[in-house]
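> give me coordinates for this.
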Amino acid sequence: MRPLRFVALGDSLTEGVGDPVGEAWRGWAALLVDGLSDGPDTSVEFTNLAVSGAQTRDVLERQTPAALALGPDVVSVVIGVNDTLRCTFDIHAVAARLDRVYAAFRAQDAVLLTACLPDPGAMLGLPGVLARPLARRQRAVNTVVHALSERHGAVHLHAAEGAWLTDRAMWSADRLHPGERGHRQLALRFHALLEQEGIATGDTPSAEPEFPAPTRSASLWWLATAGTGWVARRCTDLLPQLLTLAAAEVRHRARGTSARLDLSASHAVASALAALSVAERPDAV
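Numbers count the residues shown, from 1 in each chain. Presented below is the predicted three-dimensional model:
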């Protein structure tokens, strides 16, 4: 029997940032690999195509063709946070790209893994007027991922909420990426879903860390030398727009019309999903 092929697509979360092993990142997808094998007679070929900073466009245009060429049996597509951190954020474009990516893998009969994610503003502890616009964007992405995961029959992990997300021990120094404990939780939860589907027949990934957590001084040094730059590179073109969005939050709050912002975001998501449905109709122009 040929090995089971597992290919992971996405950004720094799937690349493994926050879970260092030696000079490289490991991450939840690599931790899940052994759980897909039921013993020495079944091997797993794992390829991680995720790249730090990737957006949905990168997954569609670069990672998906490379993954399709590998003929995966299981493929994970966890993406979207970086889209919310850019001034070019467009939920219509995000939905259209994800729909094409999901459909491409399902057309090859691959088992598709997806996940919704917590909003970056809350994880960074930003002030409310700055966090709320980012939260609204992440909710929009999550709603799209939920809907498209159901449409394409994906194995979907609800990772946007839960008590474990508020446990500081689960997160790395930058508060945006899980630490080893957090990555293990993601692997555990994906394994449980795949086990229900009869796909994960190997051992359950361990919840206990293999390595000691970084010391506070090491974490602060990482933030000073690498982490702050990582965040800055992803948010550079967002800041002017985020300040504009924050000003709108203040104005609407003063007028008692904050609900209009949520309603507008909901309408945009509904419109994006409706556009995909229309495009699928045989009589659509």
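
> where do the helices of the stretch 51-200 of the chain begin and end?
Taking DSSP state H, counting those that start in this stretch as the criterion, the stretch 51-200 of the chain contains helices spanning 56-58, 64-70, 81-84, 91-107, 120-124, 128-151, 180-196.

> show me what the third one is packed up against.
Using 3 or more C-beta pairs under 8 Å, 6 or more residues apart in numbering; DSSP states H and E as the contact definition, the elements that helix 81-84 packs against are helix 128-151. Where C-beta positions appear, they are placed from N, C-alpha and C, glycine not excepted.

> please list all residues in contact with Pro133.
Taking C-beta atoms under 8 Å, 6 or more residues apart in numbering as the criterion, Pro133 is in contact with 121, 242, 245-246, 248-249.

> ok, Pro118 next?
With C-beta under 8 Å, 6+ apart as the criterion, the residues that contact Pro118 are 138, 159-161, 165.

> list buried residues within the residues you listed.
138, 159-160, 165 (16 or more other C-beta atoms under 10 Å).

> ok, the residue lying farthest from the centre of the chain to Leu261 distance?
The outermost residue of the chain, judged against the average C-alpha position, is Arg255 (34.8 Å), by C-alpha atoms, centre = their mean. Shown here: Arg255 relative to Leu261, a distance of 11 Å by C-beta to C-beta, to the nearest Å.

> pick the one among the buried ones among the contacts of Pro118 closest to Thr204.
Ala159 (17.5 Å; C-beta to C-beta).

> per-residue confidence for the closest one?
Listed pLDDT for Ala159 reads 92.

> what's the end-to-end length of stretch 119-137?
From the first residue to the last, stretch 119-137 extends over 8 Å; the measure is C-alpha to C-alpha, to the nearest Å.

> how far does that stretch sit from the chain's center?
16 Å (C-alpha atoms, centre = their mean, to the nearest Å).

> and it, average pLDDT?
Rounded mean pLDDT across stretch 119-137 is 78.

> so which bits of it are buried?
By neighbour count, with 16+ other C-beta under 10 Å as the criterion, the buried positions of stretch 119-137 are 119-123, 126, 129-137.

> so which of those residues is the closest to Gly35?
Met123 (26.4 Å).

> that closest one: what's it in contact with?
Met123 is in contact with 171, 175-176, counting by C-beta under 8 Å, 6+ apart.

> ok, 7 Å please
If a contact means C-beta atoms under 7 Å, 6 or more residues apart in numbering, then Met123 has 175-176 as its contacts.

> can you check Leu134 too?
Contact partners of Leu134, counting by C-beta under 7 Å, 6+ apart, are 84, 119-121.

> from Glu249, how far out is the residue farthest from the centre of the chain?
For Arg255, the distance to Glu249 equals 11 Å [C-beta to C-beta].

> one step back: and the pLDDT for the residue farthest from the centre of the chain?
Arg255 is assigned a pLDDT of 79 by the prediction.

> residue numbering should commence at 695 henceforth.
Got it, the first residue is 695 from now on, which makes the last one we talked about Arg949.

> so how far is Asp861 from it?
Counting by C-beta to C-beta, the gap from Arg949 to Asp861 is 38 Å.

> how many neighbouring residues does Trp719 have?
Other residues near Trp719 come to 20 when the count uses other C-beta atoms under 10 Å.
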